[in-house]
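Participant: sequence-free structure coming up:
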Ligand code: LLP
């Protein structure tokens with residue numbers, strides 16, 4: 001986070017609070033949310049896309065406090081399950097500012113979304129179009145929908161995160177004609193209100209050329225729909241996926257730079273196709289919440305393995321950050337409770353789970369005097385860490401504490417063994 005610094009003793013601080021104070025109050029492992037940082041990221045996106053809608057992708061991390069913050073900062077919210085919708089509504093997110101995603105929304109979820117009056121539903125299959133059409137007819141409502149289009153772009157990112165190449169479960173294929181057929185079905189039935197097209201090409205993307213190709217292809221479909229049915233769809237959503245810096249090697253664009261490039265592309269294409277520029281929206285998750293959070297762990301053991309490397313075990317691991325094990329993601333770690341002049345040694349920060357793939361940071365230079373009781377901070381853990389956390393090995397999930405100035409408040413409490421046992425009713 002921007003406001004994380006070290007005090008004169010070399011101890012990490014966030015807001016006006018020292019890390020040792022936070023861990024004394026809340027224990028470890030601990031997710032620390034720098035609220036000012038989160039708010040300033042929201043503002044940067046709002047400012048860069050001033051005439052557009054920015055939907056925070058709640059899958060990255062969602063809780064009521066974060067919903068309230070992003071709502072206050074003028075963002076919209078993208079949810080992709082009944083559970084995420086429930087959190088949004090519990091935090092009084094205005095329903096008209098919610099977009100509802102998912103490739104297999106149930107009748108119960110769609111019904112709830114309609115009853116709540118969500119602003120838009122992004123439809124993903126013919127089955128869903130039929131289901132939603134029937135539900136809307138029964139209720140006499142006219143939900144606004146976008147069509148999720150699979151544009152055939154392979155963004156340069158991990159295979160499991162890339163979502164827009166053709167052979168995958170999301171959306172309607174552009175090349176095969178399914179996307180156009182979906183648009184015609186909705187327009188011809190005239191029960192749902194077709195507002196526009198949607199494309200999300202992947203996650204942790206640095207290269208904007210993927211957005212360029214995707215915008216070109218969806219706008220071509222937009223022109224095809226106009227030519228066939230005389231309708232110009234008023235909206236276009238280009239998804240999320242903006243990359244963040246996990247290590248010093250990553251060099252992400254600012255929202256302002258992204259906005260400039262994307263606008264240029266969209267405006268150029270619209271001119272060429274003689275389309276009015278649609279109202280744009282985006283769905284950044286990681287870029288909003290990722291850098292605003294870091295995890296603090298306590299070191300439990302330090303083991304030198306045959307002079308090869310030092311294994312530093314912390315009190316969490318793959319249950320609070322699965323991304324290293326699952327995607328080979330890169331993180332960094334830093335000694336958080338003190339400064340050290342000891343020489344740097346090559347270390348691997350590992351968790352406490354019963355498998356050898358339980359790695360938090362694969363390679364990191366830590367001071368040679370790192371020892372049990374030290375605190376390690378792993379930055380950039382706001383996105384897809386707490387939200388993908390598990391109870392593997394019956395390890396309770398860590399809390400999230402929001403810090404602002406002198407104030408620290410628990411926004412998600414620590415799970416307890418009683419919580420886990422409460423589910424075990426056998
Ligand atoms: N919009 C849609 C339709 C999405 O599917 C996603 C992410 C986003 C927006 C937000 O993407 P972001 O701006 O956060 O990159 N668990 C993986 C990431 C999965 C992303 C899924 N969809 C990870 O830990 O990297």
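Facilitator: Perfect, I can see it now. If you're wondering where the values come from, they're calculated on a predicted model, not measured in any experiment. Residues are numbered from 1 along each chain as shown.
Participant: for the chain, what lies in contact range of the ligand?
Facilitator: Residues of the chain lying near the ligand by CB under 6 Å from any ligand atom: 57, 59-60, 78, 101, 161, 163, 200, 203-204, 239-242, 283-287, 323, 327, 383-384. Using the backbone N, CA and C atoms, a C-beta is placed for each residue, glycine as well.
Participant: in strands, which of those appear?
Facilitator: Mapping those onto strands (DSSP state E) picks out 57, 78.
Participant: where exactly do the helices run in this protein?
Facilitator: Assigned helices in the chain, in chain order: 19-26, 35-48, 64-72, 82-90, 107-116, 126-139, 178-189, 209-229, 255-273, 286-289, 323-327, 417-423 (criterion: DSSP state H).
Participant: can you list the ones you listed in CSV and add distance to residue 13, mean neighbour count and mean pLDDT?
Facilitator: Output for these, formatted as CSV (distance: least, CB to CB, whole Å; neighbours: other CB atoms under 10 Å; pLDDT from 0 to 100):
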stretch, distance to residue 13, mean neighbour count, mean pLDDT
helix 19-26, 7, 17, 98
helix 35-48, 13, 20, 98
helix 64-72, 21, 20, 98
helix 82-90, 30, 18, 98
helix 107-116, 41, 17, 98
helix 126-139, 48, 16, 98
helix 178-189, 50, 18, 98
helix 209-229, 37, 19, 95
helix 255-273, 26, 16, 95
helix 286-289, 21, 29, 98
helix 323-327, 26, 19, 97
helix 417-423, 31, 10, 97
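Participant: output those in TSV; the columns should cover distance to residue 351.
Facilitator: As requested, the helices of the chain are exported to TSV (distance: least, CB to CB, whole Å):
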stretch	distance to residue 351
helix 19-26	17
helix 35-48	26
helix 64-72	25
helix 82-90	26
helix 107-116	34
helix 126-139	39
helix 178-189	43
helix 209-229	33
helix 255-273	33
helix 286-289	22
helix 323-327	9
helix 417-423	18
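Participant: quick one, which of those is nearest to residue 369?
Facilitator: Closest of the helices of the chain to residue 369 is helix 19-26, at 17.4 Å (criterion: CB to CB).
Participant: tell me the helices and strands packed up against the closest one.
Facilitator: In terms of contacts (3 or more CB pairs under 8 Å, 6 or more residues apart in numbering; DSSP states H and E), helix 19-26 is packed against strand 12-14, strand 30-34, strand 293-305, strand 375-379, strand 400-404, strand 407-412.
Participant: what's the closest of those to residue 68?
Facilitator: Here strand 407-412 is closest among the helices and strands packed on helix 19-26 (CB to CB), at 9.6 Å.
Participant: show me what counts as buried in the closest one.
Facilitator: Neighbour-count burial for strand 407-412, counted by 16 or more other CB atoms under 10 Å, picks out 408, 411, 412.
Participant: residue 141 versus the closest residue to residue 185 other than its chain neighbours, what's the distance?
Facilitator: Nearest non-adjacent residue to residue 185, counting by CB to CB, 6 or more residues apart in numbering: residue 129, 6.0 Å away. For residue 129, the distance to residue 141 (CB to CB, to the nearest Å) stands at 15 Å.
Participant: residue 255 against residue 44, yeah?
Facilitator: Yes - the pair residue 255 / residue 44 is scored as a contact, 4.7 Å apart, by CB atoms under 8 Å.
Participant: so who does the residue nearest to residue 185 touch?
Facilitator: 123, 182, 185, 186, 192 (CB atoms under 8 Å, 6 or more residues apart in numbering).
Participant: residue 169 is in contact with residue 150, correct?
Facilitator: No - at 9.4 Å, residue 150 does not count as touching residue 169 under the criterion of CB under 8 Å.
Participant: residue 122 and residue 105 touch, don't they?
Facilitator: No - the criterion here is CB under 8 Å, and residue 122 misses it with residue 105 at 9.5 Å.
Participant: deepest of the helices and strands packed on helix 19-26, which one?
Facilitator: Stretch with highest mean neighbour count among these: strand 30-34 (a mean of 26; mean count of other CB atoms under 10 Å).
Participant: now that strand: average pLDDT?
Facilitator: What strand 30-34 shows for mean pLDDT is 98.
Participant: for that strand, which strands pair with it and how are they oriented?
Facilitator: Here strand 30-34 has these sheet partners by DSSP bridges: strand 293-305 (antiparallel), strand 400-404 (parallel).
Participant: can you give me the angle it makes with helix 64-72?
Facilitator: 20 degrees (axes from the mean of the first three to the mean of the last three CA atoms, to 10 degrees).
Participant: how about the strands paired with strand 30-34 in CSV, adding mean pLDDT and distance to residue 419?
Facilitator: Formatted as CSV, the strands paired with strand 30-34 follow (pLDDT from 0 to 100; distance: least, CB to CB, whole Å):
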stretch, mean pLDDT, distance to residue 419
strand 293-305, 97, 20
strand 400-404, 98, 15
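Participant: redo those as a markdown table? Include distance to residue 22.
Facilitator: Formatted as a markdown table, the strands paired with strand 30-34 follow (distance: least, CB to CB, whole Å):
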| stretch | distance to residue 22 |
| --- | --- |
| strand 293-305 | 7 |
| strand 400-404 | 6 |
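Participant: between those, which one is closest to residue 69.
Facilitator: Evaluated over the strands paired with strand 30-34, closeness to residue 69 peaks at strand 400-404, with 8.4 Å, by CB to CB.
Participant: now the closest one, how far from the centre of its chain.
Facilitator: Taking CA atoms, centre = their mean, to the nearest Å, one finds the center of strand 400-404 at 18 Å from the center of the full chain.
Participant: next, the angle helix 35-48 makes with it.
Facilitator: Going by the same axes, to 10 degrees, strand 400-404 is angled at 80 degrees with respect to helix 35-48.
Participant: how about residue 87, what does it touch?
Facilitator: Contacts of residue 87 by CB under 8 Å, 6+ apart are 58, 62, 63, 64, 67, 79.
Participant: looking at those residues, spot the one nearest residue 393.
Facilitator: For the contacts of residue 87, the nearest to residue 393 is residue 63 (23.8 Å; CB to CB).
Participant: would you agree the closest one is in contact with residue 409?
Facilitator: No - using CB under 8 Å, residue 63 makes no contact with residue 409, being 11.8 Å away.
Participant: can you redo the contacts of residue 129 as CSV with distance to residue 72?
Facilitator: Shown next, in CSV, are those (distance: CB to CB, whole Å):
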residue, distance to residue 72
123, 30
182, 36
185, 39
186, 34
192, 31
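Participant: with respect to residue 248, which of those residues is nearest?
Facilitator: Nearest to residue 248 among the contacts of residue 129, with distances taken as CB to CB, is residue 123, at 41.2 Å.
Participant: show me what the closest one is bridged to.
Facilitator: Beta-bridge partners recorded for residue 123 (DSSP bridges): residue 147.
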